[in-house]
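Visitor: sequence plus predicted model, see below.
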Protein chains: 2
Amino acid sequence: MPLDPQLRDKIIASVDEGFGEQIAFTQALIRFPSTRGAEHTVQDFVFRALSDRGYAMDRFDMDRAAIESHPGGSPWSNEHSTAPIVVGIHRPREEKGRSLILQAHVDVVPTGPMEMWSHAPFDPVIEGDWLYGRGGADMKVGHAANIFAMDALRRIGLQPAATVYIQSVVEEESTGNGALMTHLRGYKADAVLIPEPEDEKLVRANVGVIWFQVEVRGHPVHVREMGAGANAIDAAYRVIGELRRLESDWNERKKGRPNFENEAHPINLNVGKIEGGDWASSVPCWCRLDCRIAVYPGIPAEEAAREIRERIAAFAQSDAYFANNPPQVTFNGFHTEGYELTPGSDAEAVLAAAHQSATGSPLESFMTAGYLDARVYALYDKVPALCYGPISENIHGFDERANIPSIKRITTAMALFIAEWSGVETA
Amino acid sequence: MPLDPQLRDKIIASVDEGFGEQIAFTQALIRFPSTRGAEHTVQDFVFRALSDRGYAMDRFDMDRAAIESHPGGSPWSNEHSTAPIVVGIHRPREEKGRSLILQAHVDVVPTGPMEMWSHAPFDPVIEGDWLYGRGGADMKVGHAANIFAMDALRRIGLQPAATVYIQSVVEEESTGNGALMTHLRGYKADAVLIPEPEDEKLVRANVGVIWFQVEVRGHPVHVREMGAGANAIDAAYRVIGELRRLESDWNERKKGRPNFENEAHPINLNVGKIEGGDWASSVPCWCRLDCRIAVYPGIPAEEAAREIRERIAAFAQSDAYFANNPPQVTFNGFHTEGYELTPGSDAEAVLAAAHQSATGSPLESFMTAGYLDARVYALYDKVPALCYGPISENIHGFDERANIPSIKRITTAMALFIAEWSGVETA
């Protein structure tokens, strides 16, 4: 049932009224340099912000054993965050509407070299229509939009007529274990909305992601006798060559996959980090690669991991150096399956109407070739998981930025979506 | 004038008599983990050992300005050692013979991963004929041999009839600035002997060595948009490819160089260290390579450096990625010219006779494709610089070890050499 036009206009005006405060709150979030493992203080800030608004609060740690025994759990490493998960819970006076999870993550990716930024990465500078900062677009902007879409209803004396969970998670950029932990804690709703920076589009499909580390070892010698020693950096490069062939094979398999076959290169292998050797004058005896590769939805992470392991093992047997020193493969992060959003759900229809009202344009959907926490809700709760958010540039890059007019349109669409999906009651 | 056979036999017996103490002293040296910058305590140990023997002592710091303005000086970096140079000086009662420098370095190369060693690297274990330890063969064994060859004369009531300087230097493995500093301090003698592990042979020629760092920068993006971003690790491997072509060109130039043209591969490029990127899920925006390349003797370091710089610059212009992000080349260590030992010197003849007496075999000479401190004395003092030392295995590698019977033969040859070169007087 479409929203009453008068209510619709009141919600649009209310989002506008709170928007200055929303941007200031977003800037406060960006000021926390919440890279992996360093999200404790921003989670405490979120806890206070939700608690101050009167939400019932739940804060909990990850349960490593439960996560690692779940098929959607990613392996632990020394870098795994120990920050808590924070959930603010709205309960209606009467449970009449459909329940909802609004989710966002507070962890942000590394800045890279500071001197490549125009502004300091955690200084939330506004220039024209753009709000800068590492982890702003991805996704503290969306995090604030979750809270302020709800605030927009309260400002006009309303609240959702169903339970709404506002989830603030970590580990979205490295394992997806934060979102999985909310599922393991028992959270479930009739739909989920995650306002990742998706250029005002709805994610129709994404990919699973696998992280793995390859370690190469070899016997060093004095450089004067280099021919006799194995150079681990050169050897690592041969492994990269084999991984590129694997990537190419996986891209070939796009045929017959409707959300992927028209993409030029849906599967990306990223060799994201390399470290090897001790100094210039010794033949390097070790080299480590940190890699990330995408997996089509429907392929369990374990199946993809097995193929990676077997592929490297087979390559090692064909290489004179590796035959005696097989590279070691460790899975040390993302170990996740992708999802596809089945068209035709009520949740999608409600979001499409809200989007049309907020932006004047029809809602488009697309495939995004990266990991999304929405997979937890889609795969394990089997509910519509809507990943939809503002226009951005340079996420994971330098001068990451979010488009401010787009933030307002998205927040408006979200507030309208909540009101129609869950219904409203007087606050 | 050949040594009197009776004196020769007394010296041989005296080396043998002191050999147990010599090995114990060598083991004490190996226990100091004197990697680059960490040579302070071993130099103090050497200072006390020489001082206790009654040598006049000189201890001095490097003079950075003087070194950097000398054509044989290598550039400073943050890793440059600040340990002092130590010299023990023997002055005869009457200066009748030819003066001599006995030189050795105490700095050792990195251990690499500990678990690849059979014994802890700084535990000087003896097994059968072998003395193990990082920096034992290269060259604490030779360092002790300098001191104990002199001790062998004293033990029979003799001392050199000329000035002998026992120099203990640092930075041999990274810049050669320690040896250069002794030259800048004014040390000079009629010949130099450096007992590096040379398999009981005399070095006829060596190479200059250049260290350089190449830094690649590029703009990172989210992996889902990888095609749009430049991967610095991939780009770094393209630079390695160009450097391998440079190495190949330089090897071609061996033609017409008598000490090199029969070597299969006299010029080695070593990419010894690589670091790049921040984590698996961001396209890497930086990558650094630490490289070492050899240079034929007669080519000034500055000329070789210019060719490296120009070669990388030209390659950058031909590469779509580098055209806008040229790699930065920094010279951060060895910046040295090689030397050749002119055959026919008296010093070589005296060493050949001593070697024959100690080993029963004629002295062979050879080209070694690594840096040697002997270049300072050969190039800038223009005196015979004899690099000659014991049999070893795995220098710069795991389980570095020196052959104990060879240490005794070499020490014997050195003591005989000193006695004949400088003559002897009663102590």
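Guide: Sure thing, it's come through.
Visitor: how about the strands of the stretch 151-300 of chain A, start to end?
Guide: A:158-160, A:164-169, A:191-194, A:202-205, A:208-217, A:269-276, A:286-295 (DSSP state E, counting those that start in this stretch).
Visitor: select, out of those strands, the one closest to residue B:393.
Guide: Among those, the nearest to residue B:393 by C-beta to C-beta is strand A:208-217 (19.4 Å). All C-beta spots, glycine's among them, are computed from the backbone N, C-alpha and C.
Visitor: list the helices and strands that closest one packs on?
Guide: helix A:232-252, strand A:286-295, helix A:301-317, strand A:328-330 (3 or more C-beta pairs under 8 Å, 6 or more residues apart in numbering or on different chains; DSSP states H and E).
Visitor: tabulate those (CSV), appending distance to chain B.
Guide: Converted to CSV, those look like this (distance: least, C-beta to the nearest C-beta, whole Å):
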stretch, distance to chain B
helix A:232-252, 5
strand A:286-295, 4
helix A:301-317, 13
strand A:328-330, 12
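Visitor: redo the ones you listed as CSV? Include mean neighbour count.
Guide: Below are those laid out as CSV (neighbours: other C-beta atoms under 10 Å in any protein chain shown):
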stretch, mean neighbour count
helix A:232-252, 18
strand A:286-295, 24
helix A:301-317, 16
strand A:328-330, 16
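Visitor: reformat the ones you listed as JSON lines; add mean pLDDT.
Guide: JSON lines is the format used below for the helices and strands packed on strand A:208-217 (pLDDT from 0 to 100):
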{"stretch": "helix A:232-252", "mean pLDDT": "95"}
{"stretch": "strand A:286-295", "mean pLDDT": "96"}
{"stretch": "helix A:301-317", "mean pLDDT": "96"}
{"stretch": "strand A:328-330", "mean pLDDT": "97"}
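Visitor: include distance to residue A:44 when you put the ones you listed into a markdown table, please.
Guide: A markdown table is the format used below for those (distance: least, C-beta to C-beta, whole Å):
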| stretch | distance to residue A:44 |
| --- | --- |
| helix A:232-252 | 40 |
| strand A:286-295 | 30 |
| helix A:301-317 | 32 |
| strand A:328-330 | 33 |
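Visitor: so which of these is nearest residue A:348?
Guide: strand A:286-295 (23.8 Å).
Visitor: list the buried residues in stretch A:169-179.
Guide: Using 16 or more other C-beta atoms under 10 Å in any protein chain shown as the test for burial, stretch A:169-179 gives A:169-179.
Visitor: so how far is that stretch off the chain centroid?
Guide: 7 Å (C-alpha atoms, centre = their mean, to the nearest Å).
Visitor: now that stretch: mean pLDDT?
Guide: Averaging pLDDT along stretch A:169-179 gives 98.
Visitor: got a list of contacts for it?
Guide: For stretch A:169-179, the external contacting residues (C-beta atoms under 8 Å, 6 or more residues apart in numbering or on different chains) are A:36, A:39, A:43, A:62, A:67, A:72-75, A:79-81, A:83, A:85, A:103-109, A:167, A:181-182, A:211, A:333-336, A:371, A:373, A:375-377, B:279, B:281.
Visitor: in strands, which of those appear?
Guide: If you go by DSSP state E, those have A:85, A:103-105, A:167, A:211 in strands.
Visitor: residue A:14 against residue A:150, yeah?
Guide: No: using C-beta atoms under 8 Å as the test, residue A:14 is too far from residue A:150 to be in contact (10.9 Å).
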